[in-house]
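Student: after the sequence you'll find the predicted model.
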Amino acid sequence: MFERYTEQARRAVFFARYTAGHQPVAYITVAHLLIGLSWESKGRASEIWSLKDKIPDLCALLGIQWPFGKATKDQLMTDIPLDNNSKMALAYAAQEADLDQEYSIDTDHLLRALLRFPNEAGEALKSISLDLPTARVGSSRHREEHPSGRKPLLKLAGFWFQPIEEALVKLAILTFIGLLAAAAIYWVNF
């Protein structure tokens, strides 16, 4: 499910789960996703909007205790599913990455996803003067100033493809390996 996610975006989802594990909740919510995005200073979302500095304010707005109290081992080991809004946010994050013509889903895509539909995390972000158009402009500027270094992939008919040069190199290598295998089989049977 998270194969398109950058390491920082995966860590944000991990910290969302960790945040939920410290609360008496049955689901990971969009509020937990926002706190997960704010957890580290690494990642585009935190670099662009300094979210780590805003954790206490965001937690207060979202009704999440900060700093966390101690969680039991059972709380931290129990699997906590995503609620429907969190699932919707993950789907919107993929769409935001697609809008940027990026295969990888980064933390700024997750943050922008929270602003795409009415939810408590989006309202908290709006209260700190962050809306979707502002977030998209900030993401675009940051990408121009700090490119990821990853090669863009080609998207056709809803599927992502590697650039043609890489695909051709892989095809040539596989063809060569196939020819070697066929020659070895022929030689053994001759």
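Tutor: Great, that's in hand.

Student: number of nearby residues for E120?
Tutor: By other Cβ atoms under 10 Å, 16 other residues sit near E120. Using the backbone N, CA and C atoms, a C-beta is placed for each residue, glycine as well.

Student: typo on my end, Y92
Tutor: 18.

Student: what does R141 give?
Tutor: 11.

Student: C-alpha coordinates for whatever helix or strand it lives in, PDB please?
Tutor: Using DSSP states H and E, R141 maps to helix 132-145. In PDB, the C-alpha atoms belonging to helix 132-145 read as follows (Å, rounded to 0.1, in the frame of the first residue of the first chain):
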ATOM      1  CA  LEU A 132      -4.700  24.400  -0.300                       C
ATOM      2  CA  PRO A 133      -3.700  27.100  -2.800                       C
ATOM      3  CA  THR A 134      -1.000  28.300  -0.500                       C
ATOM      4  CA  ALA A 135       0.200  24.800   0.200                       C
ATOM      5  CA  ARG A 136       0.400  24.000  -3.500                       C
ATOM      6  CA  VAL A 137       2.400  27.100  -4.300                       C
ATOM      7  CA  GLY A 138       4.800  26.400  -1.400                       C
ATOM      8  CA  SER A 139       5.300  22.800  -2.600                       C
ATOM      9  CA  SER A 140       6.000  23.900  -6.100                       C
ATOM     10  CA  ARG A 141       8.500  26.500  -5.000                       C
ATOM     11  CA  HIS A 142      10.300  24.000  -2.700                       C
ATOM     12  CA  ARG A 143      10.500  21.400  -5.500                       C
ATOM     13  CA  GLU A 144      12.000  24.000  -7.800                       C
ATOM     14  CA  GLU A 145      14.600  25.000  -5.200                       C
END
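
Student: show me what counts as buried in it.
Tutor: Of all the residues in helix 132-145, those buried under the rule 16 or more other Cβ atoms under 10 Å are L132, A135, R136, G138, S139, H142, R143.

Student: then stretch 109-119?
Tutor: Buried residues in stretch 109-119 (16+ other Cβ under 10 Å): H109, L110, L111, R112, A113, L114, L115, R116, N119.

Student: how about the secondary structure of the fourth one?
Tutor: The reference is to R112. Under the three-state scheme (DSSP: H, G, I helix; E, B strand; the rest coil), R112 adopts helix.
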